[in-house]
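> model this:
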Amino acid sequence: MFIKKDGTVNLEAIRDVNINKVFRNYSIPLLYEEIIKNREGWLTQEGPIVIQTSQFSERPPADRYIVRDAMSDKQVWWGEFNKEMSEYQFIQIVSRMIAYTHNMELYVQYAFAGSNPQNQIPIRFVSETASHSLFFRNMFKPIHDFKPINDFDTLDDFNVQFSFVHLPGFNSIPDVDGTASGSCIITNLSRRVVFICGTNYAGELRQAIFLALTFLLQQQASFLPLRASSSIGPEGDTVLFLGRGGTGKTTLAMTSDRKIISDHELCWSDHGIFPIENGCYARLFEISSDKNPHLYEHIHSFGTLFENVAIDIETRLPNYNDARMTQNTRAAFPLSFLPNVWTGETCSHPKHIFILSCDIFGVFPPIARMPNELAVFAFLTSYTSRIFETPQFANDPTFNTSFGASFITRPQEFAKQFMDKLNKHKPTCWLVNTGWIGEPCGKTDRVSLEITRAVVQAAISGDLDHESYETDPIFHFDIPQHCPGVPSELLNPSRLANDEGEFAIRAHRLAEEFINDFNQFENEMIEEVKTAISSLISTEEKNALESIGFSI
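The predicted model follows:
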């Protein structure tokens, strides 16, 4: 039977009776050879290897399931993003997955998640593809950098705390399994295993691993896992960039005068912050040496995995401006490929926290200072656009909120943890808009990267500490009246709008969207956040809007 006495999945037993061959901890050169041999990808002229993910180039949230049992019942935030699956359904579908692997060759990587030895999590990744084994090896710290380990006995002391099994060639049967499609991600918290099937998109693997590790880390009360990039300055000052995909976290964390700590996932503990991942999964669409010099210079390395990047079939040169497959083109590589990387165990508590948003309504300023309550609210809703996803969403202005959808446990618990750390360690919290300012998407250009970098640098350097501020009448954040390197008229979006009344309607519409999203967990929210949000739109403002025919 593939279930051990302690309830975990016995992958070793499955190997003994089912698998033809296992390639353990293969190094980058060996994985390159396997990828080429299996025809999974193409070697580019500059060194990276490129793969295509067929019809999947983004995460389908409707296909995520968590097995509901005595352990998960009260800990999981059940709903649209964490759908339940019964133990019976889990056994049935996994049994078919095991039958699917009969006589198959599999690639296995053992690695550590987390830079802090006291809190590292030993994890295992199993895949039918060498390319995704390379992705995992690039993103986490392998137990051995160069030598493959084929003798299972040498791994006896490696106490795996979570396993991830990736079978992109296996498809579930919706009518039989109760899934939404043939692609599904099934997490069993009690058995410490995640099965990912029917998709080649590496971002799905990253999200599944992060969700599982988030659950494990949160079992320790002082740990707050975050989707954030981070950097540290010469004086040891740490900054965090929180935000969803496409908002610019990685780009802003990479500068010549600061060392990057993490690209996307980290943990904030009582002792400071430490990265969960060991690699970078960077967006490449329209990347250039001018816009992204710190990233562009170092992605062309042997060992880098390109995902959905178009290449010339004869010259094998990549084309970063080609979006015929998707705008969500990626590069996965170890952070060690970069020259300016922090390599310690735990950093200091953050001095500044930047919550990034790509606002398609043109309502948010390029930067605004937030009190802790609004920072928690912005953290929960994590507003941004979907404009940089796959072609079917390329021009979709749908407001898509809820940072909590990135987590397994209830977002109220994250809100309380986040508020406690803000109150205790007192970082300055900022809202940064990397989208459109003054006018909505389609009527003006997106704010330049130079402007975004200028406002972030002004905040980090302390130049904004002594500036005068004005409070936004709707969202109640504070907008600086001056900022070095930024035209003053660009700082307040209401002054850039062509029609003041139409701008007010857009702003109130966005505030309404925030409130509607917040309603899903308002009843269980901590009182400080509830009070701050209740003041976003006053009764008088609602009446004024309704008098001109705009009803909230």
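> output the below-cut-off pLDDT ranges for this structure.
Residue ranges of the chain with pLDDT under 70: 1-17, 55-62, 145-157, 221, 386-406, 522, 524, 529, 532-552.
> helices of the chain, start to end?
Secondary structure of the chain (DSSP state H): helices at 11-18, 28-37, 87-100, 130-139, 174-177, 202-218, 249-253, 293-296, 372-381, 411-425, 449-461, 500-518, 527-534, 539-547.
> pick the most buried one from those.
helix 130-139 (a mean of 28; mean count of other CB atoms under 10 Å). No exception for glycine: its C-beta is placed from N, CA and C like everyone else's.
> quick check: angle from that helix to helix 202-218?
Using axes from the mean of the first three to the mean of the last three CA atoms, to 10 degrees, the inter-axis angle of helix 130-139 relative to helix 202-218 is 40 degrees.
> so how far is helix 130-139 off the chain centroid?
With CA atoms, centre = their mean, to the nearest Å as the basis, helix 130-139 stands 17 Å off its chain's centre.
> same check, this time on stretch 230-246
Relative to its chain's centre, stretch 230-246 lies at 15 Å (CA atoms, centre = their mean).
> pull out the buried residues from that stretch.
230-232, 237-246 (16 or more other CB atoms under 10 Å).
> before we move on, the earlier item: quick one: closest of the helices of the chain to residue 114.
helix 202-218 (8.1 Å; CB to CB).
> quick check: domain ranges of this protein?
Per automatic domain parsing, the domain ranges recorded for the chain read 11-218, 281-337, 350-547.
> quick one: the closest residue to residue 127 other than its chain neighbours from residue 478, how far?
Nearest residue to residue 127, sequence neighbours excluded (CB to CB, 6 or more residues apart in numbering): residue 166, at 4.0 Å. According to CB to CB, to the nearest Å, residue 166 stands 46 Å off from residue 478.
> neighbour count for the two, which is higher?
Neighbours of residue 166 and residue 478, each counted by other CB atoms under 10 Å, are more numerous for residue 166; the result is 27 against 21.
> settle this for me: that one is touching residue 131, isn't it.
No. Residue 166 is beyond contact range of residue 131, at 10.5 Å (criterion: CB atoms under 8 Å).
> count the neighbours of residue 171 for me.
18.
> ok, it - contacts?
182-183, 197-198 (CB atoms under 8 Å, 6 or more residues apart in numbering).
> returning to that earlier point: in strands, which of the buried residues of stretch 230-246 appear?
230-232, 238-242 (DSSP state E).
> re earlier: residue contacts, the residue nearest to residue 127?
Residue 166 is in contact with 125-129, 132, 196-197, 205, counting by CB under 8 Å, 6+ apart.
> which ones among the residues you listed are found in strands?
125-127, 196-197.
> can I get the helices of the chain in JSON lines including distance to residue 334?
As requested, the helices of the chain are exported to JSON lines (distance: least, CB to CB, whole Å):
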{"stretch": "helix 11-18", "distance to residue 334": "25"}
{"stretch": "helix 28-37", "distance to residue 334": "9"}
{"stretch": "helix 87-100", "distance to residue 334": "30"}
{"stretch": "helix 130-139", "distance to residue 334": "5"}
{"stretch": "helix 174-177", "distance to residue 334": "36"}
{"stretch": "helix 202-218", "distance to residue 334": "14"}
{"stretch": "helix 249-253", "distance to residue 334": "14"}
{"stretch": "helix 293-296", "distance to residue 334": "14"}
{"stretch": "helix 372-381", "distance to residue 334": "29"}
{"stretch": "helix 411-425", "distance to residue 334": "29"}
{"stretch": "helix 449-461", "distance to residue 334": "25"}
{"stretch": "helix 500-518", "distance to residue 334": "36"}
{"stretch": "helix 527-534", "distance to residue 334": "38"}
{"stretch": "helix 539-547", "distance to residue 334": "51"}
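> quick one: closest of the ones you listed to residue 187.
helix 202-218 (6.2 Å).
> export the closest one to CSV, keeping only CA atoms.
What follows is helix 202-218, C-alpha atoms only, in CSV (Å, rounded to 0.1, in the frame of the first residue of the first chain):
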residue,chain,number,x,y,z
ALA,A,202,6.3,25.9,-13.7
GLY,A,203,4.5,28.8,-12.0
GLU,A,204,2.0,26.2,-10.8
LEU,A,205,4.7,24.2,-9.2
ARG,A,206,6.1,27.3,-7.4
GLN,A,207,2.7,28.2,-6.1
ALA,A,208,1.9,24.7,-4.9
ILE,A,209,5.2,24.5,-3.1
PHE,A,210,4.8,27.9,-1.5
LEU,A,211,1.3,27.1,-0.2
ALA,A,212,2.5,23.9,1.4
LEU,A,213,5.6,25.6,3.0
THR,A,214,3.4,28.5,4.1
PHE,A,215,1.2,26.1,6.0
LEU,A,216,4.2,24.4,7.7
LEU,A,217,5.9,27.7,8.6
GLN,A,218,2.7,29.2,10.0
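> make 16 the starting number, not 1.
In the new count, where the first residue is 16, that last one comes out as helix 217-233.
> residue 175 is in contact with residue 140, isn't it?
No. Residue 175 is not in contact with residue 140 according to CB under 8 Å; the separation is 10.2 Å.
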